[in-house]
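Trainee: Sequence and predicted model, in that order:
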Amino acid sequence: MDESLSWRLSDDNSPALPWVISASTEDALRARARQLRDHLDARPEWAVADVARALLDTPGGTGGPHRAVIVSGNREEQTLGLRA
């Protein structure tokens, strides 16, 4: 298998999964990341995989020209990526 296509495991052996967000402008993308971060801060029980799936299933969630992808199996790392 091509190494770039294989799953990478995080330090706790969770699969590294992408959190994909998009928006129509760069400012809107930052606002969406902030909104997602605040939403997740209030829901610490949500798993990385569940968030990744929900983001991909959101209508129009990956359709904007400005996109960000945060890849990790660790929720803390994912949330830190939303702050960048």
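Mentor: Cool, the structure landed. Predicted model, so just to flag it, every value in this text is computed and none were measured. Residues are numbered from 1 along each chain as shown.

Trainee: Tell me what the residue nearest the centre of the chain is bridged to.
Mentor: Central residue of the chain (Cα atoms, centre = their mean): Trp19, 1.9 Å from the mean position. Counting by DSSP bridges, Trp19 is bridged to Ile70.

Trainee: Contacts only, for it.
Mentor: Residues counted as contacts of Trp19 (Cβ atoms under 8 Å, 6 or more residues apart in numbering) are 36, 48, 51-52, 55, 69-71, 78, 81-82. All C-beta spots, glycine's among them, are computed from the backbone N, C-alpha and C.

Trainee: Quick one: buried ones out of those residues?
Mentor: Among those, those classed as buried by 16 or more other Cβ atoms under 10 Å are 36, 48, 51-52, 55, 70, 78, 81-82.

Trainee: Output the residues you listed in a markdown table, with pLDDT and distance to Gly64 appended to each entry.
Mentor: Formatted as a markdown table, the buried ones among the contacts of Trp19 follow (pLDDT from 0 to 100; distance: Cβ to Cβ, whole Å):
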| residue | pLDDT | distance to Gly64 |
| --- | --- | --- |
| Leu36 | 92 | 14 |
| Val48 | 88 | 22 |
| Val51 | 90 | 18 |
| Ala52 | 90 | 18 |
| Leu55 | 88 | 13 |
| Ile70 | 91 | 16 |
| Gln78 | 89 | 20 |
| Gly81 | 89 | 18 |
| Leu82 | 89 | 16 |
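
Trainee: Looking at those residues, which are in strands?
Mentor: Counting by DSSP state E, these place Ile70 in strands.

Trainee: ok, the buried ones among the contacts of Trp19 vs Ala28, which is closest?
Mentor: Nearest to Ala28, judged by Cβ to Cβ, of the buried ones among the contacts of Trp19 is Leu36 at 12.4 Å.

Trainee: Excluding chain neighbours, what is closest to that closest one?
Mentor: Excluding its sequence neighbours, the residue lying closest to Leu36 (Cβ to Cβ, 6 or more residues apart in numbering) is Leu82, at 5.9 Å.
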